[in-house]
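A.B. asks: What follows is a predicted protein model with its sequence.
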Amino acid sequence: MHIGPIALANRLFVAPMAGVTDRPFRMLCRKLGAGYAVSEMITSQPQLYKSLKTARRANHEGEPGPIAVQIAGTEAAAMAEAARYNIERGAQIIDINMGCPAKKVCNAWAGSALMQNEPLAIAIAQAVVAACAPHGVPVTLKMRTGWSAQHRNATTLARAFEDVGVCMLTVHGRTREQGYRGQAEYDTIAAVKQAVRIPVVANGDITDGPKAAQVLRHTGADALMVGRAAQGRPWIFQEIAHYLATGSQPPAPATATVRQWLLEHLLDHYSLYGEYTGVRTARKHIAWYLQGVPGGSALRRHINTLEDSQQQWQALADFLHALQATHPQWPASTAAAPEADGAGEDGEGSEGSEGDKNAACLG
């Protein structure tokens, strides 16, 4: 599997999710079997480049390559400049966001709203490709099947994006109008795959190995992108890879192993966000991990009262140590993260609780 000249470890990808796929989470998913991870979306508005939020989203310290940065915006020139800005700071792949359905993004005519304006969408892709070409940086693009059920134009746009030099397309099997409601459909992704020669990635409702195999068969896609199902279950990439290779579901990971992964994740999380923000933004990750775990709800309520990172870390460490005695294997390995606990539309709307109730730009 390649993106332009860049070889990837495998064909299982982490979706860019605002407020979720920061550097610590991306690195954990890569460690647990994902072959590729894209950053949270970064604005193309230059006045926000130096904001703390953008600085954290652009932090790739110690991250294995390729470094893929997703950019979002509504003006071709600004998007081209955003691509150059991020390349100067280490981006090896630039991804264009035309898939986010969040109202905050679409009301500004960015994200999936761009699919309503095909000339502008194509102009943005062309400008970004032109900005990246001198640096040898490939451009990818994530989109939806269309704006609404009556306007599924992903296939038309896919051909145009390929013509202007986009190297890979990811298609979420829902329209902007659907948000995350209903079931993802894969016929449109299959049509896109048939329409272009560049790699196509299928995204939407991929929750386990059997579903992954089904989506690959149905769409003929070159790769799969997993979003919400990786929240609290980053080892899903190992599980899917095992199923695709053997046709059987692997056993749940050992609780002792999950304990190590989670505690290391928290330490990396605190190091990125600092004490105050780190404690608050870690709550949603802890809640996702504890979904379906015996005693998890009570611990979650307790965790939400703690404002000290050492106390938060130790409470979780003690709980998981005790859990090992009664559940040697992880009891929630098949529990997907609850959608209602997702990150906020702007990616930092959940610092004060486990998660904003608004839909985020999730995969």
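C.D. replies: Looks like it came in fine.
A.B. asks: Just the strands from the protein, written as ranges.
C.D. replies: 2-3, 6-7, 12-14, 36-37, 42-43, 68-72, 93-98, 139-144, 168-172, 200-203, 223-226 (DSSP state E).
A.B. asks: closest one to Ile236 among those strands?
C.D. replies: Among the strands of the chain, strand 223-226 comes nearest to Ile236, with 6.1 Å by CB to CB. (Each C-beta comes from the backbone N, C-alpha and C, glycine too.)
A.B. asks: what's the distance between the residue of the chain most remote from its centre and Thr255?
C.D. replies: Computed with CA atoms, centre = their mean, the residue of the chain farthest from its C-alpha average is Ala325, at 33.5 Å. Shown here: Ala325 relative to Thr255, a distance of 9 Å by CB to CB, to the nearest Å.
A.B. asks: same deal with Thr281?
C.D. replies: From Thr281 across to Thr255, the span is 24 Å (CB to CB).
A.B. asks: sorry, back to before: state the pLDDT value of the residue farthest from the centre of the chain.
C.D. replies: Note on Ala325: pLDDT of 95.
A.B. asks: Gln214 too?
C.D. replies: Per-residue pLDDT puts Gln214 at 98.
A.B. asks: With Arg176 instead?
C.D. replies: At Arg176, pLDDT is 79.
A.B. asks: what's near enough to touch Ile303?
C.D. replies: Arg283, Ile286, Ala287, Gln312, Ala315, Leu316 (CB atoms under 8 Å, 6 or more residues apart in numbering).
A.B. asks: returning to what we had before: ranking the strands of the chain by mean pLDDT, which is last?
C.D. replies: Looking at those, the lowest mean pLDDT belongs to strand 42-43 (a mean of 80).
A.B. asks: pretty sure Leu320 contacts Thr255?
C.D. replies: Yes - under the criterion of CB atoms under 8 Å, Leu320 makes contact with Thr255 at 6.7 Å.
A.B. asks: Between the two, which contacts overlap?
C.D. replies: When contacts are counted by CB under 8 Å, 6+ apart, Leu320 and Thr255 have no shared neighbour.
A.B. asks: any idea how far the residue farthest from the centre of the chain is from Ser297?
C.D. replies: Noted for Ala325: a distance of 19 Å to Ser297, by CB to CB.
A.B. asks: hmm, back to that, please identify the deepest-packed of the strands of the chain.
C.D. replies: strand 168-172 (a mean of 29; mean count of other CB atoms under 10 Å).
A.B. asks: Residues contacting it, please?
C.D. replies: With CB under 8 Å, 6+ apart as the contact definition, strand 168-172 has outside contacts at 3, 13, 99, 138, 140-145, 154, 158, 161-162, 184, 188-189, 192, 196, 198-204, 225, 363.
A.B. asks: returning to what we had before: so which of the strands of the chain gets nearest Val129?
C.D. replies: Short answer: strand 139-144, nearest of those by CB to CB, at 4.9 Å.
A.B. asks: Extract the CA atoms of that closest one and return them as PDB.
C.D. replies: Provided in PDB are the C-alpha atoms of strand 139-144 (Å, rounded to 0.1, in the frame of the first residue of the first chain):
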ATOM      1  CA  VAL A 139      -2.000  15.000  -1.300                       C
ATOM      2  CA  THR A 140      -4.900  12.900  -0.100                       C
ATOM      3  CA  LEU A 141      -8.600  13.800   0.400                       C
ATOM      4  CA  LYS A 142     -11.400  12.600   2.700                       C
ATOM      5  CA  MET A 143     -15.000  13.100   1.700                       C
ATOM      6  CA  ARG A 144     -18.500  11.800   2.100                       C
END
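A.B. asks: Now do that strand: distance to the chain's middle.
C.D. replies: Distance, stretch centre to chain centre, for strand 139-144: 13 Å (CA atoms, centre = their mean, to the nearest Å).
A.B. asks: what's that strand in contact with?
C.D. replies: So strand 139-144 is in contact with 3, 16, 38, 68, 70, 83, 93-99, 101, 112, 115, 125, 128-129, 132, 154, 157, 161, 165-172, 174-176, 203, going by CB under 8 Å, 6+ apart.
A.B. asks: before we move on, what about stretch 22-35?
C.D. replies: With CB under 8 Å, 6+ apart, stretch 22-35 has contacts from 1, 8-14, 21, 37, 39-40, 56-57, 59-64, 226, 230, 234-235, 237-238, 240-241, 261, 264-265, 268-269, 271-272, 285.
A.B. asks: Make a ChimeraX selection of whichever of the residues you listed turn out to be buried.
C.D. replies: Per 16 or more other CB atoms under 10 Å, the buried members of these correspond to this ChimeraX selection:
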select :1,8,10,11,12,13,14,21,37,39,40,56,57,60,63,226,230,234,235,237,238,240,241,261,265,268,269,272,285
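A.B. asks: Among the contacts of stretch 22-35, which are located in helices?
C.D. replies: Using DSSP state H, the members of those that fall within helices are 56-57, 237-238, 240-241, 261, 264-265, 268-269, 271-272, 285.
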